[in-house]
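Asker: Provided below are the primary sequence and the corresponding predicted coordinates.
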Amino acid sequence: MVNPEMLLFGVASPYAWDVLESARRLELVAVCFDNVGGADSRLPLIDQLSMPSVPFILGISSAVNRVLAARDAFGRGLSIPTSMIDPTATVASTSVVGHGSYVNAGAVVASNTRITCHVNVNRSASVGHDNVLAFGPRSGPARPSLVPFPSRVGHSLVLARWSCLDELSQLRR
């Protein structure tokens, strides 16, 4: 096996394929670690974690499971969470994407938006300007979740398909 440049951690759901495809579009060599069992055997799986210095990203979309997987990854000695932005996504130069966060294919993140750690912005989602997405939330796939400005989406929340927040919304768990 060639030396991996990225580890996909927590790959028991089919969503891991989206993350792997983004890594491939970025021309990154990635391997996958299934921390709970049930991953697709066609993924480039490894049996044990022996690469604590390799950057990792979570391969699951569930908001609650992303938080649990992040804790598990650190508990297993991984220490370098990295962000990944699919090359087909559009992210404003004034926006910040935090460590461990993933912006999927076709997503749009507008200006002055702050995406904190381990957030999942799913395919085709649209996040308006001047927003904050806090630790672990995810937006819905396929049909966009619309987050106008200024909104704050809190810890481990899910914006489902066709979600639309009013201005000045604050969602908290």
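Answerer: On my side now, so go ahead.

Asker: Check which helix or strand Ser22 maps to.
Answerer: Per DSSP states H and E, Ser22 falls inside helix 16-25.

Asker: Likewise for Thr94?
Answerer: Applying DSSP H and E, one finds Thr94 in no helix or strand.

Asker: Might you list the low-confidence residue ranges for this protein?
Answerer: The model of the chain has pLDDT under 70 over residues 1-2, 136-173.

Asker: Mind doing that once more with 50?
Answerer: For the chain, the stretches flagged by pLDDT under 50 are 142-145, 148-151, 155-173.

Asker: Have a look at it and report its longest helix.
Answerer: helix 63-75 (DSSP state H).

Asker: buried ones in that one?
Answerer: Neighbour-count burial for helix 63-75 flags 63, 65-70, 72-73 (criterion: 16 or more other C-beta atoms under 10 Å). All C-beta spots, glycine's among them, are computed from the backbone N, C-alpha and C.

Asker: which one of the residues you listed is nearest Leu133?
Answerer: Minimum distance to Leu133 across those is 10.6 Å, recorded for Ala63 (C-beta to C-beta).

Asker: wait, isn't the closest one in contact with Val119?
Answerer: No - using C-beta atoms under 8 Å, Ala63 makes no contact with Val119, being 9.0 Å away.

Asker: residues near Val19, how many?
Answerer: 26 (other C-beta atoms under 10 Å).

Asker: OK, contacts around the nearest residue to it once chain neighbours are set aside?
Answerer: Excluding the flanking residues, the one nearest Val19 by C-beta to C-beta, 6 or more residues apart in numbering is Gly59, at 4.7 Å. Residues in contact with Gly59 (C-beta atoms under 8 Å, 6 or more residues apart in numbering) are 8-11, 13, 15-16, 19-20, 32.
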